[in-house]
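# What would the 3D arrangement of this be:
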Amino acid sequence: MAETTYEEIRYEITGSTAVITIDREHAFNAFTSQTVEELIHAFQRASWDTDVAAVILTGAGGKSFCAGGDVKLRAKLGNYGPSESGLLRVGELQTVIRNTPKPVIAAVNGAAIGGGHVLHVVCDVTIAVEHARFGQVGPKVGSFDAGFGTAYLSRVVGEKKAREIWFWNRIYSAQEAREMNLVNLVVPADQLMETALEWAAEVSHRSPTALRFLKQSFNADSDSVAGIGQLAMSALDMFGNSEEAKEGAQAFAEKRDPEFRQHVEWHY
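A predicted model of the protein is given here:
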């Protein structure tokens with residue numbers, strides 16, 4: 001991938017801020033394997049650029065921040081599409097966001113669902129529009145995130161609430177997300193990027209070295225989750241080829257309720 005060539009994301013510099021936009025509006029900004037690799041490249045690029053003081057992650061359009069993995073593509077191909085590595089490197093992307101030595105602001109412009117919900121959770125702060133929606137759908141579509149998407153989420157909202165989010169797959173409003181400390185600030189839609197850029201500009205006046213050490217200190221408390229996450233991603237890769245997982249993706253694509261239990265292959 002050439003440094004400045006992306007097909008599924010946009011990378012723009014505004015002042016001292018790198019703005020990374022998931023650019024798959026036609027698919028509610030759901031990511032493919034290629035999207036993930038482009039995001040990894042973009043975050044690493046922002047990390048190395050000494051002129052960049054902060055990073056904003058957002059989605060194209062006004063309906064969706066990110067709908068997680070492209071389940072329709074998975075139902076069609078059995079995977080999330082081709083990529084340079086041939087892998088869906090979501091766990092690596094989450095780690096790269098956390099390890100970016102600069103504040104990362106999630107500017108949630110719409111629905112943050114599934115894997116998209118995890119992406120905003122691992123960002124340092126979240127600013128959301130009033131019509132944003134948040135939630136998990138993994139168990140509904142034959143998927144899960146047993147790394148940062150669960151263990152770190154529980155540190156953000158509390159263990160009981162995190163279990164509710166994952167087990168019941170309810171969708172929460174921006175205000176509800178703010179009340180559970182999942183979101184830092186809720187703003188009108190026409191003020192989202194302006195506000196995010198203001199936050200980024202404000203933090204650009206802080207010591208870059210101090211911010212780097214502070215971020216590493218915050219991360220140290222939960223970095224052990226990365227190892228669990230790697231195990232979980234390996235398990236998810238294996239699970240994705242099971243009939244139970246395939247049923248979830250197929251049911252989603254066909255807009256029907258899945259029939260998981262007839263495909264369960266394990267026993268107590």
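
# Check whether Ser85 sits in a helix, strand or coil.
With DSSP: H, G, I helix; E, B strand; the rest coil as the basis, Ser85 sits in coil.

# So it sits against Glu37, correct?
Yes - using Cβ atoms under 8 Å, Ser85 is in contact with Glu37, at 6.6 Å. Placement of C-beta: from N, CA and C, glycine included.

# between these two, who's got more neighbours?
Comparing Ser85 with Glu37 by neighbour count (other Cβ atoms under 10 Å), the higher total belongs to Glu37, at 23 against 13.

# Once you drop chain neighbours, what's closest to Glu259?
Glu247 (6.4 Å; Cβ to Cβ, 6 or more residues apart in numbering).

# My guess is the one you found contacts His263. True?
Yes - between Glu247 and His263 there is a contact under Cβ under 8 Å: 5.4 Å.

# okay, these two: which has more neighbours?
Legend: neighbour count by other Cβ under 10 Å for Glu247 and His263, higher for Glu247 (19 against 15).

# and that one, what are its phi and psi?
phi -60, psi -40 (degrees, to the nearest 10).

# Now do stretch 132-142: distance from first to last residue.
24 Å (Cα to Cα, to the nearest Å).

# Mind checking the pLDDT average for it?
Across stretch 132-142, the average pLDDT comes to 89.

# in that stretch, what counts as buried?
For stretch 132-142, burial by neighbour count (16 or more other Cβ atoms under 10 Å) applies to 132-138, 140-142.

# Give me the subset of the residues you listed lying in helices.
138, 140-141 (DSSP state H).

# The protein: strands as residue ranges?
Residue ranges of the strands in the chain, as given by DSSP state E, are 9-14, 17-22, 54-59, 64-66, 104-108, 111-113, 125-129, 133-135, 171-173, 185-187.

# Which one of these lies nearest to Pro208?
strand 54-59 (10.0 Å; Cβ to Cβ).

# elements contacting that closest one?
If you count contacts as 3 or more Cβ pairs under 8 Å, 6 or more residues apart in numbering; DSSP states H and E, strand 54-59 packs onto strand 17-22, strand 64-66, strand 104-108, helix 115-122, helix 192-203.

# Could you save these as CSV and add columns showing mean neighbour count?
Supplementary listing: the helices and strands packed on strand 54-59 in CSV, determined by neighbours: other Cβ atoms under 10 Å:
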stretch, mean neighbour count
strand 17-22, 24
strand 64-66, 29
strand 104-108, 28
helix 115-122, 26
helix 192-203, 18
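
# between the ones you listed, which gets nearest to Lys215?
strand 104-108 (8.9 Å).

# what's in contact with that closest one?
43, 54-59, 65, 97, 112, 119-120, 123-129, 132, 134, 174, 183, 192-193, 196, 199-200 (Cβ atoms under 8 Å, 6 or more residues apart in numbering).

# Check which strands are paired with it and give the direction for each one.
strand 54-59 (parallel), strand 125-129 (parallel) (DSSP bridges).
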